[in-house]
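1. mind looking at a prediction? Sequence and model below.
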Amino acid sequence: MRKLSLRFPYLIYLSIGCVFLGVLLAPLFREMPAQPTAAETREHEMMHGTLEVAADEAPSLEITVEPDPMDGWNLTVETSNFTFTPQAVNSNHVPGTGHGHLYVNDIKIARLYGPHFHIPSLPEGEHEIVVSLSTNDHAYLTLNGAQIEARTTINQGAPAAAGGS
C-alpha cells in the first residue's frame, strides 16, 4: 500500500506532462492546408464565367485607397452604370447590378457589396489592390474581352513604434 501511495502523485505528474508535451508537439504533425497561389485563385474565380457587355452599357469604376488613421487602409469604389445589390447575390443577372471582388496581390480578400471597405494593415512593402465587377450570378463583367476592374498600388510602411514622445 505504501508503494502505491508514493508512486501515485508521480503518475499524475507524468500524465500531465504527457498531455502538455502532446499539446506542444501536435502542431508539428498536423498537415497545414496549402494557401492557393495567385494563379490558382484567379483560375477558380474564372470558373464563374464572364459576361461581355456592350460599350454603351459598360460599367466603369475607380478606386481610391487611403491610410486609415487608426490601422490599415480605407478603400472607396466609385462606379458608373453599376449598382451594388447585395440583396440580389446568387440570383439572376440584372444589367448594371452586382457585386465586386477585392484582390490584394492577386489573392481574393473579399466580395464587395458596397462602395466602402476596410483593409487591415498589410506586411511592410508594396501591394497591388484590384477591384473587379461581377454580376449577381458571379460572372465577371468584361468589355472587349478584358475584365472590368480598377487597380492601384499602395506602400505599407513600417509599423509605428508604440508609445512615443
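-> On my side now, so go ahead.

2. contacts and neighbour counts: CA atoms only from here.
-> Noted.

3. contacts only, for the residue nearest the centre of the chain.
-> With distances taken as Cα atoms, centre = their mean, the residue of the chain nearest its centroid is I109 (1.7 Å). The contact partners of I109, by Cα atoms under 8 Å, 6 or more residues apart in numbering, come to H101, L102, Y103.

4. list the contacts of the first one.
-> Same thing as H101. H101 neighbours (Cα under 8 Å, 6+ apart): K108, I109, A110, R111, L112, V131, S132, L133, S134.

5. keep only those of those that are in strands.
-> Those of the contacts of H101 mapping onto strands are K108, I109, A110, R111, L112, V131, S132, L133, S134, per DSSP state E.

6. for the last one, give me its contacts.
-> For S134, the residues meeting the contact criterion (Cα under 8 Å, 6+ apart) are G98, H99, G100, H101, Y140, L141.

7. among the residues you listed, which two are most distant?
-> Taking Cα to Cα as the measure, the contacts of S134 span a maximum distance of 11.3 Å, between H101 and L141.

8. overlap in contacts of these two?
-> Residues touching both H101 and L141 (Cα under 8 Å, 6+ apart): S132, L133, S134.
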